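Asks: kindly generate the corresponding structure for this input.
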Amino acid sequence: MEKGVILWVDDEMELLLPHVLFLREKGYHVETAVSGTDGLEKIRTERFDLVFLDEEMPGMGGLETLREMRKLQVRLPVVMVTRNEEEPVMDKAIGTGVSDYLIKPVARQQLLLALKKHIHAGELSLSSLTSDYGHAYGKIADRINGNLPEEGWEELYKELTEWSLRLEGIESGLRELLAGQWKDANRQFGRFVKNRYEGWIESKRETPLMSSEIFARKVNPLLERGQRVWLVVIDNLRWDQWCVLRSLLPQTLAVEEEMYWSILPTSTQYSRNAIFSGLLPAEMERRYPDLWVKEDSEEGKNLKEVEFLESWMSRHKQSFSFSYRKIGNREGLIQLLGHMGEKSLNVVVLNFVDMLSHARMENGIVRELACSEEAYREVTGSWFRHSGLLELLMRVTDKGIRVVLTTDHGTIRVDRPLKMICSRETNTNVRYKVGRNLTYDPREVFEVLDPRKVGLPQGAPGTRYVFALGNDFFAYPNDYNRYVSRCRDTYQHGGVSMEEMLLPLVTLGT
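Replies: Predicted coordinates for the structure are as follows:
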């Protein structure tokens, strides 16, 4: 089997015959040409994987030949072979589009290195990834099925995310294996949360950092030290999306990152209000009934965030000046760049990622743009680069202001429907349900029969909360196929999964 098809263009081809024979012995098909004109004719009529091109030839020289080759084959790797080591010659070659260059006399190992670099890089990368993931696969499987503590789940989630990023664009069985491990991990994660969640809420000991503690433990200490702070909440941002954003930040910017755990349900009404109030939902409803909006109300569920933040300040006897802005588009961020607040605390809530996940369900064009996990991350990264947020972060940190960047919950791509029978008054979220008359298979969900034990509003007698696990979503038996078709392969939140609950909590600046 041929390893590749090579064209070697040199007016002294008879002197290079040993090299040509060597490459043929290594499994390459090698065509030769003794002039630039001859080489161009071959490129017009044949397909090549790489060209070795002499720089000094009578008639049409190497650089002129290279310019003409680029008109015919823009992406064809061309390695310039030259006796001339002068820098201007190298600059011209690179400017004309040479892929690489070798200095005569050429050693055989140099030829092989050039071929590996420009023909086999993808194969070698895949081989390396296959070996690395093969070694990691068993260890990951053992951890998934082991008795992991909270921090163990955080580390496992980070590792699975890292492998997802490393395998982007790789068409191989590795991605299928990884997808299987994601499902296995989320299945076990759901069991872990079912066993631990009530204890976290009731005991408040040996509890991971959760939504209601972020302000007290991560923002307020900075303010009390006299530090000005920007709290940037990107609605619906997952850990993998944060990894993309982090890669776009300057390496000189100090970044401290950790994870926190969202409360349940992983939806704005509960998780974001918990961040600003410092309370669990049951306490929000009890202390501030005029601020808490019930599930069956048509009123917006996230309109009282300023009031909840003011309530936190009042309860803790803090009088820091603060501003609050909710921004949904680039224009809003650009305006903010021109009127950056001078308050002790400046809170910015950004809705783009959340809007993207919802638009993907309703809009065919957006669905095509974010057609996969990789594309979803790429769109998020493009937004970060061009929205003005990156510039905002840099301007703020350049002033010596600390930025706490986080989110209220994540999102997961759902694919498995679970039948749920409920009344018309039940909430519409497909990842969790709240109500009294709910029919479902209790073995496949996380059901909460006593909401008070997990810090949720009691509601009418008999009210229960039911959460979907992993990639599941709830579907109604009536018009089942249409409903499933509409919801499957969309990004949802509200339930129990690593993607929804394990969230980035980042401090930028020094």
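Asks: cross-check the contact I'm expecting between Leu40 and Lys71.
Replies: No: the pair Leu40 / Lys71 is not scored as a contact, 9.3 Å apart, by C-beta atoms under 8 Å. C-beta: built from backbone N, CA, C; applies to glycine.
Asks: neighbour count winner among those two?
Replies: Leu40 (17 against 8; other C-beta atoms under 10 Å).
Asks: got a pLDDT number for that one?
Replies: We have a pLDDT of 94 for Leu40.
Asks: roughly how far does it sit from Tyr101?
Replies: Distance from Leu40 to Tyr101, counting by C-beta to C-beta, to the nearest Å: 19 Å.
Asks: same question for Asp240.
Replies: 39 Å.
Asks: for Phe473, same thing?
Replies: Phe473 sits 56 Å away from Tyr101, going by C-beta to C-beta.
Asks: more neighbours: these two, which one.
Replies: The neighbour count for Phe473 versus Tyr101, taken as other C-beta under 10 Å, is higher for Phe473 (24 against 20).
Asks: who does that one bridge with?
Replies: Per DSSP bridges, the residues bridged to Phe473 are Pro417.
Asks: that one reaches Thr428, doesn't it?
Replies: No: if you go by C-beta under 8 Å, Phe473 and Thr428 don't touch, sitting 11.8 Å apart.
Asks: let me see the contact set for Tyr483.
Replies: By C-beta atoms under 8 Å, 6 or more residues apart in numbering, the contact set of Tyr483 is Pro417, Ala475, Tyr476.
Asks: what about 7 Å?
Replies: Ala475, Tyr476 (C-beta atoms under 7 Å, 6 or more residues apart in numbering).
Asks: where's it, which helix or strand?
Replies: Per DSSP states H and E: Tyr483 is located in helix 480-487.
Asks: next structured bit after that helix?
Replies: Once the chain leaves helix 480-487, the next helix or strand it forms, by DSSP H and E, is strand 491-492.
Asks: what's the average pLDDT for that next one?
Replies: Rounded mean pLDDT across strand 491-492 is 94.
Asks: name the helices or strands packed onto it?
Replies: strand 412-413 (3 or more C-beta pairs under 7 Å, 6 or more residues apart in numbering; DSSP states H and E).
Asks: contacts made by the strand it packs on with the rest, please.
Replies: Glu373, Asn471, Asp489, Tyr491, Gln492, Ser497, Glu499, Glu500.
Asks: one more time with 8 Å, if that's ok
Replies: 373, 431, 470-471, 489-493, 495, 497, 499-500.
Asks: cool, stretch 35-54 as well?
Replies: Counting by C-beta under 8 Å, 6+ apart, 4-12, 31, 33, 57-62, 64-66, 68-69, 72-73, 76-82, 98, 102, 111, 114-115, 118-119 sit against stretch 35-54.
Asks: mind listing what the strand or helix carrying Leu405 pairs with, with the direction of each?
Replies: Taking DSSP H and E as the definition, one finds Leu405 inside strand 402-406. Using DSSP bridges, the strands paired with strand 402-406 are strand 229-234 (parallel), strand 502-508 (antiparallel).
Asks: ok now the longest helix belonging to the chain, how far from the chain's centre?
Replies: Across the chain, the longest stretch assigned as helix under DSSP state H is helix 173-203. Centroid separation between helix 173-203 and its chain, computed with C-alpha atoms, centre = their mean, to the nearest Å, is 19 Å.
Asks: quick one: Phe189 from Arg196, how far?
Replies: Taken as C-beta to C-beta, the span from Phe189 to Arg196 is 11 Å.
Asks: I figured Val466 was touching Arg436, is that so?
Replies: No: checked against C-beta under 8 Å, the pair Val466 and Arg436 is beyond contact range at 11.4 Å.
Asks: domain parsing for this protein?
Replies: Using automatic domain parsing, the domain parsing of the chain gives 4-119, 130-201, 217-412+500-508, 416-491.
Asks: take the ones you listed and lay them out in a markdown table including distance to Leu209.
Replies: As requested, the domains of the chain are exported to a markdown table (distance: least, C-beta to C-beta, whole Å):
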| stretch | distance to Leu209 |
| --- | --- |
| domain 4-119 | 46 |
| domain 130-201 | 9 |
| domain 217-412+500-508 | 4 |
| domain 416-491 | 15 |
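Asks: neighbouring contacts of the strand holding Leu405?
Replies: With C-beta under 8 Å, 6+ apart as the test, strand 402-406 has contacts from 214, 218-219, 222, 227-234, 237, 260, 275, 393, 396-397, 503-509.
Asks: identify each buried residue in it, please.
Replies: Arg402, Val403, Val404, Leu405, Thr406 (16 or more other C-beta atoms under 10 Å).
Asks: list the contacts for the nearest residue to the second one once chain neighbours are set aside?
Replies: This means Val403. Spatial nearest neighbour of Val403, excluding adjacent residues (C-beta to C-beta, 6 or more residues apart in numbering): Leu508 at 4.1 Å. Counting by C-beta under 8 Å, 6+ apart, Leu508 touches Leu249, Leu253, Ala254, Val255, Glu256, Leu393, Thr397, Arg402, Val403, Val404, Leu405.
Asks: ok, the residues you listed vs Asp441, which is closest?
Replies: Nearest to Asp441, judged by C-beta to C-beta, of those is Leu405 at 39.1 Å.
Asks: buried sites along the helix or strand containing Arg286?
Replies: Assigned by DSSP H and E, Arg286 belongs to helix 281-287. By neighbour count on 16+ other C-beta under 10 Å, the buried set for helix 281-287 is Pro281, Ala282, Glu283, Met284, Glu285.
Asks: and it, what does it pack onto?
Replies: Where contact means 3 or more C-beta pairs under 8 Å, 6 or more residues apart in numbering; DSSP states H and E, helix 281-287 is packed against helix 268-277.
Asks: and the contacts of the helix it packs on?
Replies: Counting by C-beta under 8 Å, 6+ apart, residues outside helix 268-277 touching it are 210-212, 214-215, 233, 235, 262-265, 280-281, 283-284, 288, 293, 295, 301-302, 304-305, 308-309, 311-312, 349, 354, 406, 408-409, 456.
Asks: ok so, going back, dump the buried residues of helix 281-287 to a markdown table, plus pLDDT and distance to Leu449.
Replies: Below are the buried residues of helix 281-287 laid out as a markdown table (pLDDT from 0 to 100; distance: C-beta to C-beta, whole Å):
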| residue | pLDDT | distance to Leu449 |
| --- | --- | --- |
| Pro281 | 96 | 17 |
| Ala282 | 96 | 15 |
| Glu283 | 96 | 20 |
| Met284 | 96 | 21 |
| Glu285 | 95 | 18 |
